[in-house]
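[1] Got a sequence here, can you build the structure:
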Amino acid sequence: MTEHPGITLHGTGLDGVTWNILGQTYHPKASTPDCFAFEAYAPPGTFVPPHIHPTQDEYILMLEGVWKVILDGQTHFAKAGDLVRLPRGIMHGYFNESDAPGRAFFWVSPARRLNDLFAALHNVPDPAEVVRLAALHEVEFLPPPG
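    Purely as a prediction, here's the structure:
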């Protein structure tokens, strides 16, 4: 798929697509072989546990709120306006531990199979199934500590 000119409106996803993934709302904003971009809305208490993208670089531009970010074993806090850089092969995860929602713009390069993964994860309630599906789409979730 090649990119075509246009505007993906606020609060919507590309071609009207919106995903619910473990309590978070994702709106895909662009999808080409070179780049996949999406907006994520994370209510308080939601998170994406530590995982690795072995074939992709990922970036998060925080738009609202504060997220705890685990990056290569170190804890950081990202707030509105901050850019989080997540090079391929580096363990990372994020957690909204605040009492306010968080919103961020993500982009991943190259896109690989991330769009397909999110489509597969839509409304899947079982974390074990999320982990299984992620492994089939080049994302490796790490086991919980201890």
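
[2] contacts, neighbours, all on C-alpha from now
    Noted.

[3] name the helices or strands packed onto the longest helix along the chain?
    Taking DSSP state H as the criterion, the chain has its longest helix at helix 127-136. Judged by 3 or more C-alpha pairs under 8 Å, 6 or more residues apart in numbering; DSSP states H and E, helix 127-136 is in contact with helix 114-121, strand 140-141.

[4] so how far is the longest one off the chain centroid?
    Between the mean C-alpha point of helix 114-121 and the mean C-alpha point of its chain there is a distance of 11 Å (C-alpha atoms, centre = their mean, to the nearest Å).

[5] Can we start the residue count at 32 from this point?
    Will do, 32 is the new start, and the previous item becomes helix 145-152.

[6] any chance you could read off phi and psi for the closest residue to Val97 other than its chain neighbours?
    Once flanking residues are discounted, Val97 sits nearest to Lys110: 4.4 Å by C-alpha to C-alpha, 6 or more residues apart in numbering. Dihedral pair for Lys110: phi -120, psi 170, per degrees, to the nearest 10.

[7] wouldn't Pro81 be in contact with Val170 here?
    No. Under the criterion of C-alpha atoms under 8 Å, Pro81 is not in contact with Val170, lying 10.4 Å apart.

[8] thinking again about what came up before, gap between the residue nearest to Val97 and Gly124?
    Lys110 sits 15 Å away from Gly124, going by C-alpha to C-alpha, to the nearest Å.

[9] residues near the residue lying closest to Glu34 once chain neighbours are set aside, how many?
    Spatially, and ignoring its direct neighbours in sequence, Glu34 is nearest to Thr63 (6.2 Å; C-alpha to C-alpha, 6+ apart). Per other C-alpha atoms under 10 Å, the neighbour tally for Thr63 reads 16.

[10] Which parts of the longest helix of the chain count as buried, going by neighbours?
    161-162, 164-165 (16 or more other C-alpha atoms under 10 Å).

[11] low pLDDT regions in the protein?
    32-33, 175-177 (pLDDT under 70).

[12] Go again with 90.
    32-42, 158-159, 173-177 (pLDDT under 90).

[13] one step back: now for the residue nearest to Val97: which residues touch it?
    If a contact means C-alpha atoms under 8 Å, 6 or more residues apart in numbering, then Lys110 has 93-98 as its contacts.
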